[in-house]
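K.L.:
next input, structure requested:
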Amino acid sequence: MSPPCSRCTSQRVINLETARKLGTTAGALVGSLRGVYASLYSPGLLLVASTQFPLSRIATAVVAATTGGIAGATAGNQMIQSLFPPGGGTPWLCLGCGHAFRVIN
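P.N.:
Okay, the predicted model is just below:
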(Lines give C-alpha, C1' and ligand atoms only; values in the text may rest on other atoms or scores of the structure.)
Protein backbone atom coordinates (compact mmCIF):
# COMPACT_ATOMS: atom_id res chain seq x y z
CA MET A 1 0.00 0.00 0.00
CA SER A 2 1.37 3.38 -0.94
CA PRO A 3 1.78 6.00 1.78
CA PRO A 4 0.00 9.36 1.51
CA CYS A 5 1.97 12.37 0.30
CA SER A 6 3.75 14.16 3.12
CA ARG A 7 2.91 17.57 1.62
CA CYS A 8 -0.70 17.39 0.34
CA THR A 9 -1.87 14.05 1.91
CA SER A 10 -2.94 12.77 -1.52
CA GLN A 11 -3.12 8.99 -2.01
CA ARG A 12 -2.04 9.25 -5.67
CA VAL A 13 1.67 8.41 -5.38
CA ILE A 14 3.94 6.22 -7.49
CA ASN A 15 6.97 4.26 -6.39
CA LEU A 16 9.99 5.77 -8.16
CA GLU A 17 11.83 2.43 -8.27
CA THR A 18 8.98 1.02 -10.34
CA ALA A 19 8.92 4.16 -12.49
CA ARG A 20 12.68 3.81 -13.06
CA LYS A 21 12.26 0.24 -14.27
CA LEU A 22 9.41 1.25 -16.56
CA GLY A 23 11.39 4.23 -17.87
CA THR A 24 14.40 2.06 -18.62
CA THR A 25 12.27 -0.52 -20.43
CA ALA A 26 10.33 2.07 -22.40
CA GLY A 27 13.54 3.89 -23.32
CA ALA A 28 15.14 0.67 -24.54
CA LEU A 29 12.09 -0.20 -26.63
CA VAL A 30 11.82 3.25 -28.20
CA GLY A 31 15.56 3.42 -28.82
CA SER A 32 15.55 0.00 -30.48
CA LEU A 33 12.62 0.87 -32.72
CA ARG A 34 14.21 4.18 -33.67
CA GLY A 35 17.51 2.48 -34.48
CA VAL A 36 15.85 -0.14 -36.68
CA TYR A 37 13.72 2.43 -38.47
CA ALA A 38 16.68 4.71 -39.12
CA SER A 39 18.84 1.89 -40.45
CA LEU A 40 16.21 0.29 -42.67
CA TYR A 41 14.47 3.35 -44.05
CA SER A 42 17.28 5.84 -44.53
CA PRO A 43 16.92 7.34 -48.03
CA GLY A 44 20.50 6.66 -49.10
CA LEU A 45 20.28 2.91 -48.56
CA LEU A 46 17.09 2.08 -50.47
CA LEU A 47 17.52 0.13 -53.67
CA VAL A 48 14.66 0.99 -56.01
CA ALA A 49 15.21 -1.73 -58.62
CA SER A 50 15.88 -4.56 -56.17
CA THR A 51 13.04 -6.96 -55.38
CA GLN A 52 14.99 -8.90 -52.73
CA PHE A 53 15.73 -7.67 -49.25
CA PRO A 54 19.52 -7.59 -48.80
CA LEU A 55 20.63 -9.73 -45.85
CA SER A 56 23.38 -7.29 -44.92
CA ARG A 57 20.71 -4.78 -43.92
CA ILE A 58 19.37 -7.21 -41.31
CA ALA A 59 22.75 -7.21 -39.57
CA THR A 60 22.81 -3.42 -39.73
CA ALA A 61 19.30 -3.27 -38.25
CA VAL A 62 20.28 -5.58 -35.37
CA VAL A 63 23.32 -3.48 -34.53
CA ALA A 64 21.28 -0.28 -34.77
CA ALA A 65 18.57 -1.75 -32.53
CA THR A 66 21.12 -2.80 -29.94
CA THR A 67 22.90 0.53 -29.79
CA GLY A 68 19.62 2.46 -29.87
CA GLY A 69 18.23 0.28 -27.10
CA ILE A 70 21.25 0.88 -24.88
CA ALA A 71 21.10 4.62 -25.48
CA GLY A 72 17.34 4.71 -24.87
CA ALA A 73 17.62 2.68 -21.66
CA THR A 74 20.31 5.01 -20.37
CA ALA A 75 18.23 8.07 -21.19
CA GLY A 76 15.12 6.63 -19.54
CA ASN A 77 17.06 5.69 -16.43
CA GLN A 78 18.69 9.12 -16.12
CA MET A 79 15.38 10.89 -16.62
CA ILE A 80 13.79 9.05 -13.69
CA GLN A 81 16.95 9.21 -11.54
CA SER A 82 16.72 13.01 -11.64
CA LEU A 83 13.40 12.80 -9.75
CA PHE A 84 14.85 10.78 -6.85
CA PRO A 85 15.09 12.70 -3.57
CA PRO A 86 18.35 12.36 -1.62
CA GLY A 87 18.54 10.00 1.32
CA GLY A 88 17.64 6.43 2.15
CA GLY A 89 14.37 4.54 2.07
CA THR A 90 11.76 3.91 -0.59
CA PRO A 91 11.35 6.85 -3.02
CA TRP A 92 7.83 8.02 -3.87
CA LEU A 93 6.47 10.73 -6.20
CA CYS A 94 3.11 12.39 -5.57
CA LEU A 95 1.09 12.66 -8.77
CA GLY A 96 -1.08 15.41 -7.27
CA CYS A 97 1.52 18.01 -6.28
CA GLY A 98 4.78 16.60 -7.72
CA HIS A 99 6.49 16.26 -4.34
CA ALA A 100 9.21 13.56 -4.17
CA PHE A 101 9.79 12.02 -0.77
CA ARG A 102 11.25 8.90 0.82
CA VAL A 103 9.69 6.58 3.38
CA ILE A 104 12.07 4.68 5.67
CA ASN A 105 10.67 1.25 6.46
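
K.L.:
buried sites along the host helix or strand of R102?
P.N.:
Counting by DSSP states H and E, the element that carries R102 is strand 100-103. The neighbour-count check on strand 100-103 (16 or more other CB atoms under 10 Å) flags 100-102 as buried. For every residue, glycine as well, the C-beta is placed using N, CA and C.

K.L.:
also stretch 1-9?
P.N.:
Residues of stretch 1-9 classed as buried under the neighbour-count rule (16+ other CB under 10 Å) are C5.

K.L.:
what's the local residue count around the closest residue to G35 other than its chain neighbours?
P.N.:
Nearest residue to G35, sequence neighbours excluded (CB to CB, 6 or more residues apart in numbering): G68, at 2.7 Å. Using other CB atoms under 10 Å, G68 has 23 neighbouring residues.

K.L.:
what about G68, which SS state?
P.N.:
Here G68 is recorded as helix under DSSP: H, G, I helix; E, B strand; the rest coil.

K.L.:
now S32
P.N.:
Applying three-state DSSP: S32 is helix.

K.L.:
now do the contacts for it.
P.N.:
If a contact means CB atoms under 8 Å, 6 or more residues apart in numbering, then S32 has 65-66, 68-69, 72 as its contacts.

K.L.:
with distance to L22 and pLDDT as extra columns, can I get those residues in TSV?
P.N.:
TSV is the format used below for these (distance: CB to CB, whole Å; pLDDT from 0 to 100):
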residue	distance to L22	pLDDT
A65	20	91
T66	21	92
G68	18	91
G69	15	92
G72	13	91
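
K.L.:
residue nearest the middle of this protein, spatially speaking?
P.N.:
G27 (2.5 Å; CA atoms, centre = their mean).
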